Structures are given as C-alpha cells and as structure tokens.
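Visitor: coords please:
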Amino acid sequence: VLTLALVLMVAVTLSAATPVEVSGNFKAGYKLTFDPFKVAQNDLSGDNKAQAQTAKIAVSGDFWKVSLNAVNFTNAKDIKATADIYLDKALAAEGVDMGDVGLTLHIGSGVSADAPSVFADKGGLSSGLSAAGANLGLSIGYADLVDVYFAADLTADPVDMVIGATVNPVDGVNVAVGYTNSGNGITGSAKADIAKLADLDFALAVTLEDIYLVDAKTNELNVDVATTIEGIGLYAAYQMDAAKKHNMKIGASYTLSGVGLSASFKMVDLGNAKTMTVGGGANYKFGGVKYALDAEYTKAAGFSLSPSVSIAF
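Guide: Predicted coordinates:
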C-alpha cells in the first residue's frame, strides 16, 4: 500500500509539473488454419507474437521531451527510452535567433536508426534501410523545405551510423535520400501527390523507392500507387527485390455502416503461382474496442481465419 501511495504521489506531482501523454494499443486473437484433415489453432499470444501490446509514455517540457516506448512491458529489452532536446528553442530562449532553423538532439536507446524515406509502402513489401543501431541522433530542419537527419551507435566498433535528408522542392513533391555504413546501403525515395499537383477532386499519390547495398551488390525497387474514390481506398504495389524476383500486392478498403471491409491479393513471386495469397477482412468498433475477422488463402498453406480484438488508447 505504501509503495502504491508513493507511486501515485510521484505521478500526481509529475503530471502537475509537466504534461504527461499516454498512448498505445493492445491486440490479441487466434489464427485457425484449416486443411483437409485437421484444424490447427495458433494462440496469437504465443510464439507468433501476433498479440501486440505497445504503449508510449511521454513527458514534455518547454525544451525537451522524454519518451518511453514499450512493445512489451514484461521484457526490459522491448522498452526503449529516448530524450528529444529542442536546442533551437533553448537557444532562442537565451537570445540566439534561430530563424527558420530547427535543431533537435536525440539521446537514448530508442533513437531511430532508419534512413529518411517518403515511400508509403502500401503493400508492406519494402525492406527499408537502417543502421544496425543508434543511441545518438541530430535533426536539422529549415522551414518546410529540408530536413537532415544523422544518427549513430557510439558503442559499436566501428560506429554504426545513418545519415539522410528529406527535401520538399515544390508543394506536392517530396524527395529523400539516405546512407548507412551497415552494408554500405544507399536509398532514394520520392513522393508525388498527383491530386495536389493536378488539382484533382479525389486523392491520388505515387511513391517510389530504390535501395542499393554496395557490399552485397543488390538492388531493391519499390513502387506503389494509392487513391481514394467515393470512400473506396485502392492501392497497387510492385517490387523487384534483391533476388530480382517480381512481387506484387493490390488491395481495397471500404467502410459500410460502420463496418470496415478490406480485400487484398498478393504474389511474392509473379513467376510462381504457389506464392499467391488472397485475403479479406471485416471489422467493427463497439464500445471503444475493435472486433475483427480476417481470412486468408495461400496456395501453399491453405485457408485460415484470424479473429481478434484490439484497443487503442
């Protein structure tokens, strides 16, 4: 009781001094895989890790923000703590006019090691590009025109690092480039908001990404197109992966009377029909909880049903 009282006292004192934000989500369910002879039940809270509990606790001050990100609170390795220090605001308070320049220092185990990218990855096919790890980072921005990001893991030998920049040359066009010494990877991506550029009355955007690993001499190309017409969301994604296989995924979504509907078709290798996957699902939010039922058929693994519930907070 004394411990609980102390925790509550600290929490109340902290919240009174600085804003505290708590957000996250929880998801749990089952996957039932059918074949001609049996039904295999996979508990999503087990090794499949399809039970997800993620949360973010953020404490903010005028010149800093401390975030605690946890995938699973029962595993210390899954908890990442990061401090974002707004150097531009601190310098401005000391009388240094930063103008349109933004300067933020990132410190901690949760510093992002990802190279900047504007690729939407609607099909979830991209491998992405990142350093092996990072515990120190720096973001430099100028107005809404350019953002430069650098991060490194100073405990590694040699030091792991990633650097990149995002540029917005004109309204509706975004370009990003990045490099990491982990495998000597280089990436470039671009996004074109066609609806904004052509003044369309419906959403339409195209994004592309290229990832080249110098040491492995492999190249990955990703392209996707997404639109929303009369409430119906559509996307098509194409990939030529590092093994030079051609992969594709198309999907659609629609909400009807509060029920969210979705469907997708995916082929990991366009030259192999066994890699075909057809999926569909429906979800409904009731009392703040989302109930979902997803179905999937693969040529190799057969038919499966995945009922689940999720809570976002």
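Visitor: Am I right that Gly95 falls within a helix?
Guide: No - assessed with DSSP: H, G, I helix; E, B strand; the rest coil, Gly95 is coil; it does not lie in a helix.
Visitor: I'd like the average pLDDT over stretch 183-200.
Guide: The average pLDDT within stretch 183-200 is 96.
Visitor: For it, list the C-alpha coordinates in CSV.
Guide: Written as CSV, here are the backbone C-alpha positions of stretch 183-200 (Å, rounded to 0.1, in the frame of the first residue of the first chain):
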residue,chain,number,x,y,z
GLY,A,183,26.4,-2.9,-45.5
ASN,A,184,27.1,0.4,-47.3
GLY,A,185,23.4,0.9,-48.1
ILE,A,186,22.1,3.8,-50.2
THR,A,187,18.4,4.7,-50.6
GLY,A,188,16.5,7.2,-52.5
SER,A,189,12.7,7.8,-52.5
ALA,A,190,10.2,10.2,-53.9
LYS,A,191,6.5,11.0,-53.5
ALA,A,192,4.2,12.8,-55.9
ASP,A,193,0.8,14.0,-54.7
ILE,A,194,-0.9,13.9,-58.1
ALA,A,195,-4.2,15.1,-56.7
LYS,A,196,-2.5,18.3,-55.4
LEU,A,197,-0.3,18.8,-58.5
ALA,A,198,-3.2,18.3,-60.9
ASP,A,199,-5.9,19.8,-58.7
LEU,A,200,-8.0,16.6,-58.7
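Visitor: Mind checking what secondary structure Ala92 has?
Guide: helix.
Visitor: Touching, it and Asp100? I think so.
Guide: No - Ala92 lies out of contact with Asp100 (Cβ atoms under 8 Å); the separation is 11.8 Å. Where you see a C-beta, it was placed from the backbone N, CA and C, and this is true even at glycine.
Visitor: Check which helices and strands the helix or strand where Ala282 lies sits against.
Guide: Here Ala282, judged by DSSP states H and E, is contained in strand 276-286. With contacts defined as 3 or more Cβ pairs under 8 Å, 6 or more residues apart in numbering; DSSP states H and E, strand 276-286 has these neighbours: strand 259-267, strand 289-298.
Visitor: Please produce CSV containing those strands, extended by distance to Tyr212, mean neighbour count and mean pLDDT.
Guide: Listed next are those as CSV, based on distance: least, Cβ to Cβ, whole Å; neighbours: other Cβ atoms under 10 Å; pLDDT from 0 to 100:
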stretch, distance to Tyr212, mean neighbour count, mean pLDDT
strand 259-267, 24, 16, 96
strand 289-298, 31, 16, 94
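Visitor: quick one: average pLDDT of the host helix or strand of Val59?
Guide: Using DSSP H and E, Val59 maps to strand 52-60. Mean pLDDT, strand 52-60: 82.
Visitor: Tell me how many other residues surround Asp144.
Guide: 9 (other Cβ atoms under 10 Å).
Visitor: My guess is Val22 contacts Phe313. True?
Guide: Yes - Val22 lies in contact with Phe313 (Cβ under 8 Å); the separation is 7.2 Å.
Visitor: Tell me, please, the helix or strand in the chain that averages the lowest pLDDT.
Guide: Within the chain, judged by mean pLDDT, DSSP states H and E, the helix or strand with the poorest mean is helix 2-17; its value is a mean of 48.
Visitor: Moving along the chain from it, name the first helix or strand you hit.
Guide: Heading towards the C-terminus - elements assigned by DSSP H and E - helix 2-17 is followed by strand 20-34.
Visitor: before we move on, back to that, the helices and strands packed on strand 276-286 into JSON lines, with extra columns for distance to Leu204?
Guide: Shown next, in JSON lines, are the helices and strands packed on strand 276-286 (distance: least, Cβ to Cβ, whole Å):
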{"stretch": "strand 259-267", "distance to Leu204": "19"}
{"stretch": "strand 289-298", "distance to Leu204": "27"}
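Visitor: Point out the one among those that comes closest to Tyr30.
Guide: Tyr30 lies closest to strand 289-298 among the helices and strands packed on strand 276-286, at 10.7 Å (Cβ to Cβ).
Visitor: Determine how far that closest one lies from the middle of the whole chain.
Guide: The chain centre lies 21 Å from the centre of strand 289-298; the measure is Cα atoms, centre = their mean, to the nearest Å.
Visitor: Mind listing the strands that strand pairs with, and their directions?
Guide: strand 276-286 (antiparallel), strand 302-312 (antiparallel) (DSSP bridges).
Visitor: Among those, which comes closest to Gly29?
Guide: Here strand 302-312 is closest among the strands paired with strand 289-298 (Cβ to Cβ), at 2.7 Å.
Visitor: Show me which parts of the closest one are buried, residue by residue.
Guide: Using 16 or more other Cβ atoms under 10 Å as the test for burial, strand 302-312 gives Ser304, Leu305, Ser306, Ser308, Ser310.
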